[in-house]
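1. Structure, please.
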Amino acid sequence: MLTFIARRLFQSLFVMLAVSLLAFTLFRFVGDPVAQMVGQETSIEDRERIREELGLNDPVHEQFFRFSKNLVTANFGYSYRTRQPIGEMILSRLPATLELGFFSLIISLLVGIPAGVYTAIKTGFLSTTLLITTLVGISIPTFVIGIALIYVFGVQLNVLPVFGRGETVQLGWWKTNYLTVDGWRSLILPAVTLGIYQLTLTMRLVRSEMQDVIKTDYIKFAMARGINYRSVYLHHAFRNTLVPVITIVGLQFGGIIAFSIVTESVFQWPGMGLLFLDSIRYVDIPVMSVYLVLIAFIFVLINLLVDILYFVIDPRVRDRRQGA
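-> As a prediction, the model looks like this:
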């Protein structure tokens, strides 16, 4: 177990190093940050002085070393645009994104897993309708779904807020939507928008895995012995279906956090995705770089936790590791 975790941590370090290098080099070519920070009347001498203060005239390898050192020490530097510490900016936006992502994941699991099981063991009009609906959910872009929900529930019915977080409660540095009615109402539309795509993936994955498990010999043998169908499906087939689903669900949460940019933009949800879009608009290179590295770190961390959980719950994985 410890050897397995150590190997995964070693691999994760190389992944983070590669992402850091990519983030550092990628955003060197998105524009001149000094031009975005000053006005047209600023002299060339002042521009050069600012570039010197920011370290933009240093050799590239020195800039990357400084960038990597700051990431390791959690010293993310300052925003070129607002002059605020990037760590504080991210911490102020992180609760909004995590709460939105968590609620979206819960929606996708509560709907997707039962729907996947039902379509796997039942045939008929309802199953066909659910499968067609999932195709629509996968095919339609997220921003179109968001705009449609805004039009229906915000404009026509006028029953739900269509932008912002609504009323929140401050718990230390964490600002939450979960403790107010208005916060929950503001959370519904963006969470549904973000969760629909994940819901369709969850449903189709559970359906596919469930159908494969049902075809195995031990399920056929259990049915031949006269065991109740519900017991066979829920206690035997469903348990084995969840093993690969756990991996996908973990990665889905990372995907929700990473790809919430569009949803946050449509609903003006004040999360990290909206912060990233603002940093692109104003060529705020430090914020863009730190955001990319942070998202990669979340993916790596979730993937590591999923691998460990997979190792714990699936004896076949442990046997393969021990045999190797």
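2. Model confidence at the residue nearest to Ile147 when sequence neighbours are not counted, what's the number?
-> Of all residues beyond its chain neighbours, the one nearest Ile147 is Val266 (6.6 Å), with distances taken as Cβ to Cβ, 6 or more residues apart in numbering. Yep, even glycine has a C-beta here, placed from its N, CA and C like the rest. As predicted, Val266 sits at a pLDDT of 90.
3. Kindly report the same for Phe29.
-> Model confidence at Phe29, given as pLDDT, is 66.
4. Over to Ala258?
-> Confidence for Ala258, expressed as pLDDT, is 77.
5. distance of it from Gly137?
-> Relative to Gly137, Ala258 is positioned 19 Å away (Cβ to Cβ, to the nearest Å).
6. same deal with Leu130?
-> 10 Å.
7. my read: the residue nearest to Ile147 touches Ala148, true?
-> No. The pair formed by Val266 and Ala148 falls short of the contact definition of Cβ atoms under 8 Å, at 10.5 Å.
8. So which of these two has more stuff around it?
-> For the pair Val266 and Ala148, the greater number of neighbours falls to Val266 (22 against 12), based on other Cβ atoms under 10 Å.
9. Quick check: phi and psi on that one?
-> phi -60, psi -40 (degrees, to the nearest 10).
10. Now do the contacts for it.
-> For Val266, the contact set (Cβ atoms under 8 Å, 6 or more residues apart in numbering) comprises 142-143, 146-147, 150, 190, 193.
11. switch to 7 Å and redo it
-> Contact analysis of Val266 by Cβ atoms under 7 Å, 6 or more residues apart in numbering lists 143, 146-147.
12. Please determine how far it is located from Val155.
-> Here Val266 is placed at a distance of 14 Å from Val155 (Cβ to Cβ).
13. what touches both of the two?
-> Listed contacts common to Val266 and Val155 are nil; contacts here mean Cβ under 7 Å, 6+ apart.
14. and of the contacts of Val266, the nearest to Thr168?
-> Taking Cβ to Cβ as the measure, Gly146 is the one of those closest to Thr168, at 21.0 Å.
15. Looking at the one helix or strand that closest one maps to now, give me its mean pLDDT.
-> Remark: Gly146 resides in helix 142-149, with elements defined by DSSP states H and E. Predicted confidence along helix 142-149 averages 89 (mean pLDDT).
16. And the next helix or strand past that helix?
-> Heading towards the C-terminus - elements assigned by DSSP H and E - helix 142-149 is followed by strand 169-171.
17. which parts of the helix or strand just after that following strand are buried?
-> Of the helices and strands lying after strand 169-171 in sequence (DSSP H and E), the nearest is strand 174-176. Going by neighbour count (16 or more other Cβ atoms under 10 Å), the buried part of strand 174-176 is 175-176.
18. Specify the angle between whichever helix or strand comes after strand 174-176 and helix 142-149 in degrees.
-> Once the chain leaves strand 174-176, the next helix or strand it forms, by DSSP H and E, is helix 181-214. If you take axes from the mean of the first three to the mean of the last three Cα atoms, to 10 degrees, helix 181-214 sits at 130 degrees to helix 142-149.
19. Now do the helix holding Gly146: which elements does it pack against?
-> Taking 3 or more Cβ pairs under 7 Å, 6 or more residues apart in numbering; DSSP states H and E as contact, the helices and strands that helix 142-149 lies on are helix 181-214, helix 261-266.
20. pLDDT on the longest helix along the chain, on average?
-> The helix spanning the most residues in the chain, taking DSSP state H as the definition, is helix 86-121. For helix 86-121, mean pLDDT rounds to 89.
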